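Enquirer: any chance you could fold what I've pasted below:
(chains A and B)
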2 protein chains.
Amino acid sequence: MSGSQTTVATICQTLSEKIAAGGYSATGRLPSERTLSEQFGTTRITLRESLSQLEAQGLIYREVRRGWFISPPRLLYNPLQRSHFHAMALEQGRHAKTELIDACQLIGSDDLCQKLALPPQSALYCIRRIRYIDGRAVLYVEHYLNPQFFPEIIHDDLTKSLTDLYLSRYGVRYGRVRFDMVPTRLPPEACDALKIALGSPALFITRINRDQRDRVIDCDLEYWRYDALHIDVEVSGGA
Amino acid sequence: MSGSQTTVATICQTLSEKIAAGGYSATGRLPSERTLSEQFGTTRITLRESLSQLEAQGLIYREVRRGWFISPPRLLYNPLQRSHFHAMALEQGRHAKTELIDACQLIGSDDLCQKLALPPQSALYCIRRIRYIDGRAVLYVEHYLNPQFFPEIIHDDLTKSLTDLYLSRYGVRYGRVRFDMVPTRLPPEACDALKIALGSPALFITRINRDQRDRVIDCDLEYWRYDALHIDVEVSGGA
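Expert: Numbering: from 1, shown residues only, chains lettered A, B, ... in the order given. Just a heads-up that it's a prediction; the model follows:
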C-alpha cells in the first residue's frame, strides 16, 4: 500500500515535470494509458490513480474516448477589472468563440424575477450560450434580460458580444455589477453543453448587472469548468 | 427513462421545498434513505439520484455511515472586506473553532519561497489548521510564515487568531493582500482533515499577505469545502 503510494507520487511528479517542461506540448496530448503504464513499469490501476491526482490539480483532463490532454492555462478572471469575455480572452492572448444554444421569452422563476428587481411572473428573455477558449468549451451561461430594455434582442445575432449589442443598438452601458461565486458541481444541462462528466466540479458565478443609470438590466448565470479559470483579486490594506 | 427523470425532478423539488420551509431543521438531518424511498414510493436508485442532485447543488451533504444532512448556510466571504476567520463567522451569527494539526519549520518549495519573496531553499514556518463553522469542518489551511517576522511563533497557542497574535506579540498588522481563487478538487490531506470523500470539489484560495510596511509576511493556502462558502463582490461601474 505504502509502496503503491510512493509509486503514485513518483509518477505524478515525473509527469508534472515533463508537462511543465513542455514535454507533450506539440500534441497537447498524453500517450495512451497503455504506453504510460509500460513506460513507468506499473499497473494500469496505479497509473490511473496518478492521472486522477493530476486531473484533480487541473493539470490534465480527459475527453471521452479520446484520452488525456494537457490542460491549457487557466483564464484569469478579475472581477475588479470588468471586461467582456472576448476582450478578456484577447488580452490574455487566447482565442474566444461563442455558440448560441437558444434564445426565447419565458416567465421568470421567483428567484430570477427578484434578482432582476421585477415582480413575480414577469416575462424575461433567456439566452443560453456556450463559450470556448482556444476551441475548448469552458463556460455554459444563461443570460436573463429585462425585455423592456432590449426589445426584440433575441432575434439579433447572439454569437456576438452582448456588451457591444447593448451599446450599439440600445444605448445601454454596463454600470455596477454584483458577483456571487459559489463552488459547486456542474448541473446536467451544463455537463451536456460542455461535454464533461456529470458531477464534475464547477465554479458558478452569478452576475447582476446594472446600466449607467443604475437600473438592473440583466443577470448572468455562468457555469465554468473548474480547471478553466482562476480569480485574482488584490486588495489594499485596511485601517 | 423519461418517467424516471420526471420522478427525480419531482423528488428534488419536494425535498428542496421542504428544506427551504425548515421541514427538517429540528434535527438538521434527512430521514433514512429507506424511509424516504417509502415516502416517495420510489426505488432506492431513483431516490439516490435525487439526493445526489441536491448534494450537487450544495443543499444537503452526506456523512460517512451517518446519513444525509441539511447543509448549513454558506459563509459569506468578501475579499474586499478583510476580516479574520473568527470575526467573519461572528458577524454572520456563526460559531467558529480552530484546531491545530501541527506546526514546524521546514525548507520551502521553490514556489512557496517565491510567493514569500524569499530566496530558494529558505526556512519557513508551516502551520496547518482545520477550521470549523458551527461544529462542521469547512476549511483546511496551511499557513507559511517568513520566520524573521515571527520568531518562535510556532511554540505559541496556535488555535487562536494569527491576526491577533501578529499584532499583540510582534507589532505586525495586515496590509495589502492578494487573493487567487481556483476551483479544484480536494487533495488527499485536505480530505482526511475535513473527513470528506476523495475527489470532492473545493475552492482553493491562496492569500499572499503584506504588513503595514508592505513587506510580504505570510502566505495562506486555504482549501474550502465547496458547499461551505460563497464569494460576494460588488464592483462599481467602469468608464
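Enquirer: and the helices in chain A?
Expert: Counting by DSSP state H, chain A has helices at residues A:2-20, A:33-40, A:44-56, A:85-91, A:110-115, A:162-170, A:188-194.
Enquirer: so which of those is nearest chain B?
Expert: helix A:44-56 (3.8 Å; CB to the nearest CB). All C-beta atoms are positioned from the backbone trio N, CA, C, and that covers glycine.
Enquirer: how about the closest one against chain B, any contact?
Expert: Yes: under the criterion of CB under 8 Å from any CB of the partner chain, helix A:44-56 makes contact with chain B via A:52, A:55, A:56.
Enquirer: now do the contacts for the last one.
Expert: Under the criterion of CB atoms under 8 Å, 6 or more residues apart in numbering or on different chains, the neighbours of residue A:56 are B:184, B:185, B:186, B:187, B:199.
Enquirer: kindly recompute the last result at 7 Å.
Expert: Neighbouring residues of residue A:56 by CB atoms under 7 Å, 6 or more residues apart in numbering or on different chains: B:184, B:185, B:187, B:199.
Enquirer: circling back to that earlier point, for residue B:116, find the nearest of the helices of chain A.
Expert: When the helices of chain A are ranked by distance to residue B:116, counting by CB to CB, first place goes to helix A:2-20 at 20.6 Å.
Enquirer: thought residue A:139 was touching residue A:132?
Expert: No: with contact taken as CB atoms under 7 Å, residue A:139 and residue A:132 are classed as non-touching, separated by 8.3 Å.
Enquirer: which one's more surrounded, these two?
Expert: The residue with more neighbours, out of residue A:139 and residue A:132 and counting by other CB atoms under 10 Å in any protein chain shown, is residue A:139; that gives 25 against 18.
Enquirer: tally of neighbours for the residue nearest to that one when sequence neighbours are not counted?
Expert: For residue A:139, the nearest residue in space outside its immediate sequence neighbours is residue A:131; the separation is 4.1 Å by CB to CB, 6 or more residues apart in numbering or on different chains. Residues lying near residue A:131 (other CB under 10 Å) number 21.
Enquirer: quickly note the distance from residue A:208 to residue A:105.
Expert: Between residue A:208 and residue A:105 the computed distance is 20 Å (CB to CB, to the nearest Å).
Enquirer: show me what the closest residue to residue A:162 other than its chain neighbours is bridged to.
Expert: Spatial nearest neighbour of residue A:162, chain neighbours left out: residue A:143 (6.6 Å); criterion: CB to CB, 6+ apart. Residues found in beta-bridge contact with residue A:143 (criterion: DSSP bridges) are residue A:127, residue A:220.
Enquirer: identify the residues contacting the closest residue to residue A:51 other than its chain neighbours.
Expert: Nearest-residue entry for residue A:51: residue A:68, 6.2 Å, with adjacent residues in sequence omitted and distances by CB to CB, 6+ apart. Contacts for residue A:68 were tallied using CB under 7 Å, 6+ apart; they are A:30, A:51, A:60, A:62.
Enquirer: check the gap between residue A:68 and residue A:224 for me.
Expert: If you measure residue A:68 against residue A:224 using CB to CB, the figure is 21 Å.
Enquirer: cool, and residue A:74?
Expert: According to CB to CB, residue A:74 stands 10 Å off from residue A:224.
Enquirer: just residue A:81 next, same as before
Expert: Following CB to CB, the distance that separates residue A:81 from residue A:224 is 17 Å.
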